[in-house]
Structures are given as C-alpha cells and as structure tokens.
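In: sequence and computational prediction follow.
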Amino acid sequence: MEALDPATVKPEELVALWENLQRDGTGVDDRLINRPDVFMTNFLMPGTLYVPWGRWGLGIAQALNPKGDCIVHFAIWDRTIEPYVIYTTAKNSLKWLFDTYELVRITAAIPEVNTGAIRLARLLCFQQEGIIRKGFLQRDRWYNIRLFGLLREEFQHATGSDDSDRDSSVGGV
C-alpha cells in the first residue's frame, strides 16, 4: 500500500481526484464546493496522506502523528463496489497505518449524512466518542459530525492481527 506522493502526482490526476471527491456527495462540505484551492492546500499539507483505493475510492489520513494518532476519512465515489471489498480495503488501510506509523489510535470524523461511512467505521470496530454539532454543511442543511475512535489493541483483537503480522498488501486493490 502506498500513499500518493504530491511531488509526482500529475495535474490531471489531481483534477480527477478533486472531481471524484466532489462527486462522492458526502465528503465535501458546501463551503468547499468549487474550492480546489482548499483541496490543494490539504493535499500538500505535511502529515496528510491520500491512499488510493483502486479507481473507486480513497482513504485520507490527516494530522498524522507517528507513534501517536491520526484522523481518517473514507471517500467512496463508485457505489457499485461490493461492500466486502470496501471493508477489506479499509481494514488493510488501517492496518497499514497502525503498523507503518506505529499509531496508538485512529480517529474518524464522519458527517451524519454519510451513513455508509458510519456503518463502515462500526464494522471496523470504531467506537463513537463524541459529536461536533452542526459541523458539516450540505445542500444548505447543517449536520453533526460524529467522532469515532479505534485503539490499536481493539483493532488487533477484532481483526486477529498482531504486531508480528505485518502484511501491508491490499488484497489486489
């Protein structure tokens, strides 16, 4: 598994990525629609990783603090992908983050309107830890953002992986 390298990504790849994120429908706040400058700032920000999930989605890690924590976002723009493939890819991405950066915890901040991402977080054993009220604006309506946390040991227990199992493959994705 590999994150996109901002130094080698072609401009047309960034445009396609931005268009896909907007098409996702649940990942871009109304305040960011038609604001590729904000996307570019985040893309280039130190401590941010964009991990492609084939041609159908993306895992984003922000505020990456090695041997500490990070915040993840799930973006899936192709709704024809089998749920098991999404789950397996997300699980492998989390394992890669935990192992590569020796993280203690991972936080997911998910707008309430993104019920698919909330379901995915729960399947991956994230625990809801809080709510940011009216933190996400979509189609002129405010939604809460749910905060979920996942500890390394919870993830290892739930997935049957441990520190000696460091396979970073993504199962063909």
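Out: Everything's here; your move.

In: does the most centrally placed residue in the chain have beta-bridge partners, and which?
Out: Taking C-alpha atoms, centre = their mean, the centroid of the chain lies closest to residue 73, which sits 2.7 Å from it. Applying DSSP bridges to residue 73 yields these beta-bridge partners: residue 60.

In: contact partners for it?
Out: Counting by C-beta atoms under 8 Å, 6 or more residues apart in numbering, residue 73 makes contact with 27, 59-60, 62, 108-110, 117. For the C-beta atoms, the positions are set from N, CA and C on the backbone; glycine is no exception.

In: between the residues you listed, which is nearest residue 100?
Out: Comparing those against residue 100 with C-beta to C-beta picks out residue 59 as the nearest, at 12.7 Å.

In: ok, so what distance separates the closest one from residue 135?
Out: 21 Å (C-beta to C-beta, to the nearest Å).

In: okay, those two: which has more neighbours?
Out: residue 59 (23 against 16; other C-beta atoms under 10 Å).

In: surely the more buried one is in contact with residue 71?
Out: No - Residue 59 lies out of contact with residue 71 (C-beta atoms under 8 Å); the separation is 11.6 Å.

In: ok, residue 88 to residue 141 distance?
Out: 33 Å.

In: who has more neighbours, those two?
Out: The neighbour comparison of residue 88 against residue 141 (other C-beta under 10 Å) goes to residue 88, with 15 against 10.

In: any idea which helix or strand carries that one?
Out: Using DSSP states H and E, residue 88 maps to helix 83-101.

In: low-confidence stretches in the protein?
Out: 162-173 (pLDDT under 70).

In: tell me which stretches of it form strands.
Out: 49-53, 57-62, 69-76, 105-111, 127-138, 141-151 (DSSP state E).

In: any chance of TSV for those strands, columns distance to residue 31?
Out: Converted to TSV, those look like this (distance: least, C-beta to C-beta, whole Å):
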stretch	distance to residue 31
strand 49-53	20
strand 57-62	17
strand 69-76	16
strand 105-111	12
strand 127-138	6
strand 141-151	11
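
In: next up, the contacts around residue 33.
Out: Applying C-beta under 8 Å, 6+ apart, the residues near residue 33 are residue 22.

In: next one: it from residue 91, what distance?
Out: From residue 33 to residue 91 the distance is 31 Å (C-beta to C-beta).

In: one more: residue 103?
Out: Taking C-beta to C-beta, one finds residue 103 at 15 Å from residue 91.

In: quick revisit: ok, so of the contacts of residue 73, who is nearest residue 127?
Out: residue 108 (10.2 Å).

In: find the nearest non-adjacent residue to the closest one, please.
Out: residue 148 (4.3 Å; C-beta to C-beta, 6 or more residues apart in numbering).
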